[in-house]
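# Have a look at this prediction, sequence included:
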Amino acid sequence: MKSEEIWGYRTDSGYETGTDLIGFKVEATDGSIGKVDEHTDEAGTGYLVVDTGVWIFGKHVLLPASVIRRVDREDETVHVDRTKDQIKDAPEFERAKQPRDPGYLEQFARYYGMPHM
């Protein structure tokens with residue numbers, strides 16, 4: 001899988017460039033995991049930051065855009081192809097780091113079993 005594919009939104013996900021996903025619920029393959037805290041659709045660095053809330057004590061995790069299976073704008077829900085445990089065990093998102101830095105994004109690419117940028 002190429003870097004652009006990892007950090008890009010799937011063409012069949014229903015995501016449209018410019019759609020504001022902040023506040024949308026995030027649904028893992030086995031249930032609700034939290035809400036979208038921030039997202040970007042910049043070419044080559046598309047991702048979501050999910051606030052897992054009290055489920056795992058307020059952890060924020062970064063999900064590459066390619067894990068989005070479907071965006072339901074009517075229900076304001078983002079469906080991802082990862083389990084709650086996979087998301088819970090992901091590296092924590094650190095706001096002080098630069099998310100657009102390939103070196104920072106590499107740890108997430110490795111965690112999700114994808115080649116780095």
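Noted; the coordinates are in hand. Numbering: from 1, shown residues only.
# From here on, just use CA atoms for contacts and neighbour counts.
Fine.
# Tell me how far the spatially most central residue of the chain lies from Arg95.
The geometric centre of the chain, computed from its C-alpha atoms, lies nearest to Leu63 (C-alpha atoms, centre = their mean), at 2.4 Å. For Leu63, the distance to Arg95 equals 14 Å [C-alpha to C-alpha, to the nearest Å].
# distance of the residue nearest to the centre of the chain from Ile33?
Applying C-alpha to C-alpha, one obtains 12 Å for the distance of Leu63 from Ile33.
# looking at it, the residue nearest to the centre of the chain is touching Asp51, isn't it?
No - assessed by C-alpha atoms under 8 Å, Leu63 is found out of contact with Asp51, at 11.0 Å.
# Could you identify the longest helix within the chain?
Taking DSSP state H as the criterion, the chain has its longest helix at helix 102-111.
# Following element in sequence after the helix or strand of the chain with the lowest mean pLDDT, please.
Counting by mean pLDDT, DSSP states H and E, the weakest-scoring helix or strand in the chain turns out to be helix 3-6, with a mean of 65. Tracing the chain C-terminally past helix 3-6 and defining elements by DSSP states H and E, one meets strand 25-28 next.
# Specify the local secondary structure of the residue lying farthest from the centre of the chain.
Here the chain has its C-alpha centre computed as a mean, and the residue farthest from that point, by C-alpha atoms, centre = their mean, is Glu74 with 19.4 Å. With DSSP: H, G, I helix; E, B strand; the rest coil as the basis, Glu74 sits in coil.
# With that, I have no additional questions.
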